[in-house]
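S.K.: Sharing a sequence plus its predicted fold:
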Amino acid sequence: MNQQQNKILESLQKYSQRHELLSVEDLHFKAALIDMDGTLYDSMGYHTLAWHRMLLDIGIDTDRNRFYHFEGMTGKATVNLLFREYLHRDATDEEVAEHYQRKAAYFNAMPEVPPMPGAKQLLDTLVARGIKCVLVTGSGQRSLIDRLQRDFPGVFSPDMMITSADVEHGKPNPEPYLKAMQRAGVRPEEALVVENAPLGVRSGATSGAFTIGLTTGPMPEEALACEGANIVLPSMQSLADNIELILDKSLE
Ligand code: CA
């Protein structure tokens, strides 16, 4: 067993103790609740560029990498946060709609984003093992949501998707992941969360699920660990390669 596999088993043991299970063998994951941008799709570079261009239009030049700190929030929440920070007031509903639409238009005009390497392998394994998959995204952009069926056919049925339209409080609130558990009919300790952003990890971890952070962008491991990730892995491919170990809690 290699170092990473040992780390994964330790994290599962710690998690089972925290949930007062007798042993790690009593952990039975039945659902995987999976983020979309930066997790299933390598899309965050274009999203940060689109936000940056939207702000430039209103005369604000900011570091593009700042948007990785907001990742996971709904578009509405992001526009409001930007208004408060740069214009010192809340955005009106009309301004939220206008600016988010413009940001979405910039994103849609960019080249098609590829699925994250390893995502298909992960989802195929989960489906083969009978694990229910639920999409949990703060996005309301149909362009990517509508591609899921093409890129990952049969994985996410329409009732197994939580988008910005389904929640009152987006990430980092636990609501999106709690709603996803309801849809899947599972308890927190029966759910895996797969996330790449600090605010998304916080949402997953506070929902009580076993939360897996993936460092697929510039955010370092510590940024995900300090928000409560039970384990942080360096890529989606690494999770795909280790998912059987997480489900079985052994290499047998
Ligand atoms: Ca994400």
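M.R.: That came in fine, so what should we check first? Computed from a prediction, not measured in an experiment: that's the story for all the values here.

S.K.: Nearest spatial neighbour of His52, chain-adjacent residues omitted?
M.R.: Closest residue in space to His52, ignoring its immediate chain neighbours: Arg64 at 4.5 Å, by C-beta to C-beta, 6 or more residues apart in numbering. Just so you know, the C-beta spots here come from the backbone N, C-alpha and C atoms, and that holds for glycine as well.

S.K.: tell me the contacts of Gly118?
M.R.: For Gly118, the contact set (C-beta atoms under 8 Å, 6 or more residues apart in numbering) comprises 235-241.

S.K.: Next: Ala197.
M.R.: Neighbour list for Ala197: 35, 38, 68, 71-72, 171, 217, 219, 224 [criterion: C-beta under 8 Å, 6+ apart].

S.K.: How about Thr215?
M.R.: Applying C-beta under 8 Å, 6+ apart, one finds that Thr215 lies in contact with 196, 221, 224, 232-235.

S.K.: Go again with 10 Å.
M.R.: By C-beta atoms under 10 Å, 6 or more residues apart in numbering, Thr215 lies in contact with 38, 196, 221-225, 229, 232-235, 238.

S.K.: Would you mind listing which of those residues are buried?
M.R.: 38, 196, 223-225, 229, 232-233, 238 (16 or more other C-beta atoms under 10 Å).

S.K.: now, among those residues, which is nearest to the ion?
M.R.: Gly38 (3.8 Å; C-beta to the ion).

S.K.: surely the closest one meets Phe67?
M.R.: No. Using C-beta atoms under 10 Å, Gly38 and Phe67 do not qualify as a contacting pair, with a distance of 11.1 Å.

S.K.: how close does the most centrally placed residue in the chain sit to Asn196?
M.R.: For the chain, the residue nearest the mean C-alpha position is Asp35 (2.8 Å; C-alpha atoms, centre = their mean). Asp35 sits at a distance of 6 Å from Asn196 (criterion: C-beta to C-beta, to the nearest Å).
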